[in-house]
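1. Here is a sequence with its predicted model. Questions after.
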2 protein chains.
Amino acid sequence: MNLKRYLPILDWAPKYGHSQATSDLVAAVIVTVMLIPQSLAYALLAGLPAQVGLYASILPLVIYAVFGTSRTLSVGPVAVASLMTAAALAPLAEAGTPEYVAGAVLLAVMSGLMLTLMGILRLGFLANFLSHPVISGFITASGIVIAASQFKHIFGIQASGHNLLEIGQSLFLSIGDTNLATLSVGAGALLFLVLARKRLKPLLMGVGLAPRTADILTKTAPILAVLVTTLVAWQFQLDSQGVRLVGDVPRGLPELALPSLDMGLWQQLAVSALLISVVGFVESVSVGQTLAAKRRQRIDPDQELIGLGTANLGAGFSGGMPVTGGFSRSVVNFDAGAETPAAGAYAAVGIALATLFLTPAIAYLPQATLAATIIVAVSTLIDFPALGRTWRYSRTDFGAMLATIVLTLVHSVEAGIIAGVALSIGLFLYRTSRPHSAVVGRVPGTEHFRNVLRHDVELCPKVTFLRVDESLYFANARFLEETVMDLLTREPELKDLVLVCPAVNLVDASALESLETINERLKDAGVRLHLSEVKGPVMDRLKGTELLSHLGGEVYLSTYEAWQRLTDLGKLERQIA
Amino acid sequence: MNLKRYLPILDWAPKYGHSQATSDLVAAVIVTVMLIPQSLAYALLAGLPAQVGLYASILPLVIYAVFGTSRTLSVGPVAVASLMTAAALAPLAEAGTPEYVAGAVLLAVMSGLMLTLMGILRLGFLANFLSHPVISGFITASGIVIAASQFKHIFGIQASGHNLLEIGQSLFLSIGDTNLATLSVGAGALLFLVLARKRLKPLLMGVGLAPRTADILTKTAPILAVLVTTLVAWQFQLDSQGVRLVGDVPRGLPELALPSLDMGLWQQLAVSALLISVVGFVESVSVGQTLAAKRRQRIDPDQELIGLGTANLGAGFSGGMPVTGGFSRSVVNFDAGAETPAAGAYAAVGIALATLFLTPAIAYLPQATLAATIIVAVSTLIDFPALGRTWRYSRTDFGAMLATIVLTLVHSVEAGIIAGVALSIGLFLYRTSRPHSAVVGRVPGTEHFRNVLRHDVELCPKVTFLRVDESLYFANARFLEETVMDLLTREPELKDLVLVCPAVNLVDASALESLETINERLKDAGVRLHLSEVKGPVMDRLKGTELLSHLGGEVYLSTYEAWQRLTDLGKLERQIA
């Protein structure tokens, strides 16, 4: 049982049959066709040699088939992780140098170790720190930065930078050096891909294909752009006209190797590796869960950490870059009928074959074509309407989202995501730090107590009933102190204060200390503190604390009981809301 | 009205009378007598020349009397802020050098700007991030580090370090160089102060003094130690025997000066200034509120930020170090009868007179005496029983507390406090990330629904009622997704899922997105999602969202209504808990 938890392959492999194998193989062929240009493109985006992308699409897929819990997630290089890789490595070395490649390999290994460890320790909840508005804002902003960074390849110019300001300035300064042959190839590919995305599906359906088939074929349009532009580049020797090609790619499978053990480097990359890991995990799990739900399957997020972690370790030890589950590929894999993770392993075989036999052809592939596929792919990541939706729904969530987007665009991906996380946590604590509380009075003739501001109730001048509608913890402990002190100064006649607690699910140590402080301060001022309607689990904890042994007043099971004992029934006042 | 908010002096000064002036003057004399050795000692602790401590006890007190809201808080140098100042400046310059002093001045200015700005923007809630266990652990650990750091002065040896490991090692290596004359003075002062703390009060009460007077006089014991050892040092020229004295202190009042405008320095000190500000603010407010409550007064935390902020600006511009409200001095001030902040201003006059006339005498004061006063003062900060109390009450709070203590002891004050804050926020999010949820069924014959695991209820196989007992926000949004997906795979017959929401006070954008995802996934699986008992404010927000327009099922006012509509009354099952 336990072994099955850690090796999900034991769940499906023993029952693996002929029909499943056929479905998986068909899906694998289609995914391979998508994955070849993507793995090359994302290596380019990360500033790495083309083969690094291919290497990251072989071993990791096989390992994920063993350890992953999603039946249809397509693991490999993805756009956002590639951008984050480039941003992490930029301060360390020049793109494409051996040190730079070693850094990417190390990032994959560190990310693999972190994810695997988080999975073993069941720390999947850490991903909760990334709220939806932050991750959505981050991905939109990353998409913009990625698209902007690719225009240099379309124009055939030199440009650099890791945020929109730097990239924009850099493009502006060198736009005069545009290479027209490159621009023809790049703009042509871009136009073709945009048209294919919009028009190819209706066209294919027009010639009689089923909608799903038409959809899947549309998604493989990039390979057509790659084939045509590669042929053109080879035929017309475009490199002699200044068109940058992918160039020589080592032929053959990756060799296993150990990553750098330079501890200084490990330290420098630690934060980046953590961010790449968590962002990749959140994206993978969300895609995986969406697809699994369609077939009433489910994925185990903690095991998913192990699946992605071991896949990244595989990437690192075979000279690849950080990998994660890609959204569009996974959807295609699912739609093409993949039934088990074996489809991923078959796709790995496809990429391995490409590495063995297609590299001479890949050498002629123009970089501008890859840039065009990246731009079209990331354009689907950009979700401006989400900004409007979030603004309308919640100003605080919008604040966190906007901060993430702006910082990602004008500073860096890491600053954007860290600011977003910090802000969303801070805003949440702020929201709960001022919980709703109300002075309540008795609804005449009943045992019910209601807010004096909203209902006609009975009050007793010397006894105040204060209801707090939130768990008490450090963020609102001091607020409670202030609320009570306010009450104390406003009602000089006060003799008894009853804290009505039916909505208090938790009292943490800070709130306990605050309650003790409140109790002491009230005592000093000659006021008794009482509690009523304390929930069972909260009461269990409070037993044996100083609060209860030093409490000025009593603990009442019901507020009505406190009312009967404490109020002078002859002196009630009627308050009309 | 608004002017009074920002200038609390307008509240009390117009009514200031003769009797108040008398009370304030008496308190001021006693506080001055305490403050002279303390300001010298804390300057020594911070690695600063003695006069910096005196300067920080003049202008800041006058300014606080204008802007502060506590009637009895005694502002000035305090132990923990001095330790944090030393820790912040250590990487920048050698203690006592002009660069070091300039750094301390800049810290005061930055801290002043930050606090004032936080006050104007009403950001006092930021102090909530420091939970009670973290601040308590931090102060205990700081007390230990401070006491350890002073033993070098008692033994008259050279030692350094900013955590217990470094200090311990350093003391161990140089203990052989102990100067016996210094040790005699230091150990003598220490012994006297410890005995005074334990025995002086009963002794004074024995000769007929009132308990409160005896208590106040006991707290001024350090000045006696200072007087005696200064006389001894002068009489026997102890400096010629290697006893380190305070030495020449510039005579006269501080001059106003501008702080450094070196932006690199500002950047380096920003985090430290923030931590000093927040820790000082939390301590001040907690002392201030406790004392105010005894007289049914209150303090305004946001205005308190401005009071402390302007006081620190005053400290910085007059060559002083960071200041805040001191615990023991404030209690003495209160007990001695201070009625308004004017008492603080009078104490400032006392310190100014000392700076003008007592500096020649102060030159003979042995540093060992000051170290002894520091050790005895901080020993009251160390609260080990709090560890036990927190452990018994809550393991998670204890975890945050222990991490703070250990990191402060073995690494640094800044690491300790940052780790504590991060951990307590993380643990809180973790706690709420797995909220209580229960499948509920109908209590037969009633309209009530209860947990199927605890009560005998009726169930309908194709309809599940799931109650969530927590607000829904980013930390538990994914948990909800997983809970629902689990349910979906466990109950293949499921056709309708009703989310019962009476305890949901908030649905943030992440939770909304999760609910939309859940709705879509359930639709894909052929299950309708319904909501029941959604609270008014939550419903107001949900209106107009995609969730409601795409909802597979309905929104029911009561769970019973959903039960009547959805269940097939002929096919109910009885479940016995």
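-> Sure, I can see it.

2. make it CA atoms for all contacts and neighbour counts henceforth
-> Will do.

3. what ranges do the strands span in the stretch 151-300 of chain A?
-> Under the criterion DSSP state E, counting those that start in this stretch, strands are not mapped anywhere in the stretch 151-300 of chain A.

4. Quick check: residues of it near chain B?
-> By Cα under 8 Å from any Cα of the partner chain, the residues of the stretch 151-300 of chain A that approach chain B are A:290, A:293-298.

5. now the stretch 301-450 of chain A
-> A:390, A:393-394, A:397, A:430, A:433.

6. Using neighbour counts, trim the residues of the stretch 151-300 of chain A next to chain B to the buried set.
-> A:290, A:293-294, A:296-298 (16 or more other Cα atoms under 10 Å in any protein chain shown).

7. In JSON lines: those residues, plus pLDDT and distance to B:Met84.
-> Below are those laid out as JSON lines (pLDDT from 0 to 100; distance: Cα to Cα, whole Å):
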{"residue": "A:Thr290", "pLDDT": "81", "distance to B:Met84": "50"}
{"residue": "A:Ala293", "pLDDT": "76", "distance to B:Met84": "53"}
{"residue": "A:Lys294", "pLDDT": "78", "distance to B:Met84": "56"}
{"residue": "A:Arg296", "pLDDT": "73", "distance to B:Met84": "56"}
{"residue": "A:Gln297", "pLDDT": "78", "distance to B:Met84": "54"}
{"residue": "A:Arg298", "pLDDT": "74", "distance to B:Met84": "51"}
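
8. Tell me the spacing between A:Val207 and A:Leu217.
-> 13 Å (Cα to Cα, to the nearest Å).

9. Of these two, which one has the most company?
-> A direct count of neighbours by other Cα atoms under 10 Å in any protein chain shown for A:Val207 and A:Leu217 places A:Leu217 higher, at 19 against 9.

10. Could you say which helix or strand holds A:Leu499?
-> Using DSSP states H and E, A:Leu499 sits within strand A:496-500.

11. just checking, what packs against that strand?
-> Judged by 3 or more Cα pairs under 8 Å, 6 or more residues apart in numbering or on different chains; DSSP states H and E, strand A:496-500 is in contact with strand A:463-468, strand A:528-532, helix A:559-566.

12. let's see 6 Å
-> Helices and strands touching strand A:496-500, as assessed by 3 or more Cα pairs under 6 Å, 6 or more residues apart in numbering or on different chains; DSSP states H and E, comprise strand A:463-468, strand A:528-532.

13. ok, of these, where does mean pLDDT dip lowest?
-> For the helices and strands packed on strand A:496-500, mean pLDDT drops lowest on strand A:463-468, to a mean of 92.

14. State the number of residues packed around A:Asp486.
-> Neighbour tally, A:Asp486, other Cα under 10 Å: 16.

15. any idea how far it is from B:Arg298?
-> Distance from A:Asp486 to B:Arg298, by Cα to Cα: 7 Å.

16. likewise A:Val226?
-> Counting by Cα to Cα - A:Val226 and B:Arg298 are separated by 73 Å.

17. One more: A:Glu255?
-> 72 Å.

18. try A:His530
-> In terms of Cα to Cα, A:His530 sits 22 Å off from B:Arg298.

19. in the helix ranked longest in chain A, what's buried?
-> Of all segments of type helix in chain A, defined using DSSP state H, the longest is helix A:263-294. Within helix A:263-294, the residues that count as buried by 16+ other Cα under 10 Å are A:266, A:269-270, A:272-294.

20. Looking at the helices and strands packed on strand A:496-500, which is nearest to chain B?
-> Minimum separation from chain B across these (Cα to the nearest Cα) falls at strand A:463-468, 12.5 Å.

21. Show the subsequent helix or strand relative to that closest one.
-> helix A:474-490.

22. Show the average pLDDT along that next one.
-> 87.

23. And for that helix, what's in contact with it?
-> A:433, A:510-511, A:514, B:128, B:131, B:296 (Cα atoms under 6 Å, 6 or more residues apart in numbering or on different chains).

24. got the CA coordinates for it in CSV?
-> C-alpha atoms of helix A:474-490 as CSV (Å, rounded to 0.1, in the frame of the first residue of the first chain):
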residue,chain,number,x,y,z
PHE,A,474,-1.9,37.1,16.8
ALA,A,475,-3.1,39.4,14.0
ASN,A,476,-6.2,40.5,15.8
ALA,A,477,-5.1,40.0,19.5
ARG,A,478,-4.1,43.6,19.9
PHE,A,479,-7.2,44.7,18.1
LEU,A,480,-9.2,43.0,20.8
GLU,A,481,-7.2,44.7,23.5
GLU,A,482,-8.0,48.1,21.9
THR,A,483,-11.6,47.3,21.4
VAL,A,484,-12.0,46.4,25.1
MET,A,485,-10.0,49.4,26.3
ASP,A,486,-12.2,51.7,24.1
LEU,A,487,-15.2,50.2,25.7
LEU,A,488,-13.7,50.8,29.1
THR,A,489,-13.1,54.4,28.6
ARG,A,490,-16.5,55.0,26.9
